[in-house]
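Trainee: build me a model:
(one chain, ligands or ions: 1)
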Amino acid sequence: METISKPVSAKQDFLPLLGTDYVEFYVGNAKQAAHFYRSVFGFQPLAYAGPETGMKNKVSYVLRQNKITFVFTASLIPDSEVAEHVHRHGDGVKVLALGVQDAFDAHEQTTRRGGKSCLAPKVLSDNHGEIRISGIHTYGDVVHHFVERKNYRGNFMPGFVAWKPEGKFNEVGLLHVDHCVGNVGWNEMNPWVKFYEDVLGFTNILSFDDKDISTEYSALMSKVMSNGNGFVKFPINEPAEGKKKSQVEEYLDYYKSPGVQHVAIATSNIIDTVTKLRDNGLDFLMVPTTYYDDLESRVGKIDEDIKTLGKLGILVDRDNEGYLLQIFSKPVEDRPTLFYEIIQRKGARSFGKGNFKALFEALEREQALRGNL
Ligand code: FE2
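Mentor: Alright, predicted model coming up:
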């Protein structure tokens, strides 16, 4: 059974976080990416910035569903930070922005502890008030922005205008970001664990070694980092030796650096959410139907109908606090890099260790199809 450690108390927390403020993706074509996230994931259009709003060389589309804000940014010129990022990595996560009470203090606290600044603290203002923002680098080319919006009443940020495109797509019940997983290279997990401990004051609440996460062929290791109030959780994966190539290694081969592997999004009705996502055309990893044969003996009584879970491919795991239901999409880019997890927690605070084997075998079947196992 997974044992979860206690994060630090509020009193000692030098970087109190309000949660994930937004996730920004650098993509090749932001207009089309935004449409995909509207039509498949049910995100609602919120804001836009581009040449029309004074942002000359790039465009950003902002989408929202409940507490989740996604920003899709593309370059309009060949030589820019965004264009170079897309050239090297393909589409991927650039910014994991965290909500803070004081963005200047967050920068001071983290850089004093060894964090490398990527954005000096600054104030952005318009007639809706002001946002204070700063940022530091983390693994690969990913950065954390600290966003303070307590004195802002606009819908996203200064520099953006309301975006009201044609077409209407319904929400699918995505509520908030549950966790964001980073893949790092060989022997890099522990240094990044130390980075989150030292620089951001996170705690390692859970660890999985290569014996927990291995199949006949491949393996990985993972440590889950949590901030003090548990609102922000960043598991860090590293590949491990196996008979064949680790899925983390395949990610690194394609992404060309450490980066975000998956974003897990919470729902309060996974059957309804996954039914809608499937109908909208999202591809999920499927485990063999035998997974469901002995499900009840493994996880005990659950509220959901097992036949329905089996039809949708939803997995179940239990810890000493309750159970969780989860499912993983296939990668949503051309390269086998970023994918999504949909998760419903019914008491459980863990990450589905009981499902790792079935899941990774499903992943390896996909990896083998690409000739990378
Ligand atoms: Fe996950």
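Trainee: what about residue 6, how many residues nearby?
Mentor: 10 (other CB atoms under 10 Å). C-betas here are computed from N, CA, C, even on glycine.
Trainee: quick one, phi psi at it?
Mentor: phi -80, psi 130 (degrees, to the nearest 10).
Trainee: residues touching it, list them.
Mentor: Applying CB atoms under 8 Å, 6 or more residues apart in numbering, we find residue 6 in contact with 203, 205.
Trainee: same question, residue 349
Mentor: 4, 230, 319, 321.
Trainee: partner residues bridging the nearest residue to the last one once chain neighbours are set aside?
Mentor: Closest residue to residue 321 apart from its sequence neighbours, by CB to CB, 6 or more residues apart in numbering: residue 347 at 4.8 Å. Note on residue 347: beta-bridge partners residue 323, judged by DSSP bridges.
Trainee: quick one, what contacts residue 347?
Mentor: Contacts of residue 347 by CB under 8 Å, 6+ apart are 321-323.
Trainee: which of these tops the neighbour count?
Mentor: residue 323 (22 neighbours).
Trainee: quick check, that residue in contact with residue 316.
Mentor: Yes. Using CB atoms under 8 Å, residue 323 is in contact with residue 316, at 6.1 Å.
Trainee: and for these two, which residues touch both?
Mentor: With CB under 8 Å, 6+ apart as the test, residue 323 and residue 316 both reach 299, 302.
Trainee: so how far is the helix or strand harbouring residue 191 off the chain centroid?
Mentor: Counting by DSSP states H and E, the element that carries residue 191 is helix 189-198. Centroid separation between helix 189-198 and its chain, computed with CA atoms, centre = their mean, to the nearest Å, is 18 Å.
Trainee: residues touching the spatially closest residue to residue 76 that is not a sequence neighbour, list them.
Mentor: Counting by CB to CB, 6+ apart, residue 76 lies nearest to residue 57, which is 5.3 Å off, once chain neighbours are set aside. If you count contacts by CB under 8 Å, 6+ apart, residue 57 has them with 75-77, 80.
Trainee: check contacts around residue 19.
Mentor: Per CB under 8 Å, 6+ apart, neighbours of residue 19: 67, 98-99, 176-177, 231-232.
Trainee: in strands, which of those appear?
Mentor: Judged by DSSP state E, strands contain the following of those: 98-99, 176-177.
Trainee: can you get me a residue count around the residue nearest to residue 128 when sequence neighbours are not counted?
Mentor: Spatial nearest neighbour of residue 128, excluding adjacent residues (CB to CB, 6+ apart): residue 154 at 3.2 Å. Neighbours of residue 154 under the rule other CB under 10 Å: 19.
Trainee: and what of the one 3 residues further on?
Mentor: By other CB under 10 Å, the residues close to residue 157 number 20.
Trainee: for it, grab phi and psi.
Mentor: Per degrees, to the nearest 10, the backbone of residue 157 is at phi -160, psi 160.
Trainee: hmm, it is touching residue 131, no?
Mentor: Yes. Counting by CB under 8 Å, residue 157 does reach residue 131; the two are 5.5 Å apart.
Trainee: measure residue 143 to the ion for me?
Mentor: Separation of residue 143 from the ion (CB to the ion, to the nearest Å) stands at 21 Å.
Trainee: same check, this time on residue 28
Mentor: Residue 28 is 26 Å from the ion, by CB to the ion.
Trainee: now that residue: closest residue in space, sequence neighbours ignored.
Mentor: Residue 28 sits nearest to residue 86 (CB to CB, 6+ apart), 5.1 Å away.
Trainee: so which bits of the host helix or strand of the one you found are buried?
Mentor: Assigned by DSSP H and E, residue 86 belongs to helix 81-89. Neighbour-count burial for helix 81-89, with 16 or more other CB atoms under 10 Å as criterion, is recorded at 82-83, 85-86, 89.
Trainee: do stretch 115-126 as well
Mentor: 115, 118-119, 121.
Trainee: just curious, which of the residues you listed is nearest to residue 208?
Mentor: residue 115 (26.1 Å; CB to CB).
Trainee: surely the closest one touches residue 143?
Mentor: No. With contact defined as CB under 8 Å, residue 115 and residue 143 do not form a contacting pair (10.3 Å).
Trainee: anything in contact with each of the two?
Mentor: Common neighbours of residue 115 and residue 143 (CB under 8 Å, 6+ apart) are 136-137.
Trainee: next one: residue 67 from residue 176, what distance?
Mentor: Distance of residue 67 to residue 176, computed by CB to CB, to the nearest Å: 4 Å.
Trainee: spit out the residues that contact those two alike.
Mentor: 19-20.
Trainee: can I get the ones in strands among the contacts of residue 19 in a markdown table including distance to residue 39, pLDDT and neighbour count?
Mentor: Output for the ones in strands among the contacts of residue 19, formatted as a markdown table (distance: CB to CB, whole Å; pLDDT from 0 to 100; neighbours: other CB atoms under 10 Å):
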| residue | distance to residue 39 | pLDDT | neighbour count |
| --- | --- | --- | --- |
| 98 | 28 | 98 | 23 |
| 99 | 28 | 98 | 21 |
| 176 | 21 | 98 | 14 |
| 177 | 21 | 98 | 23 |
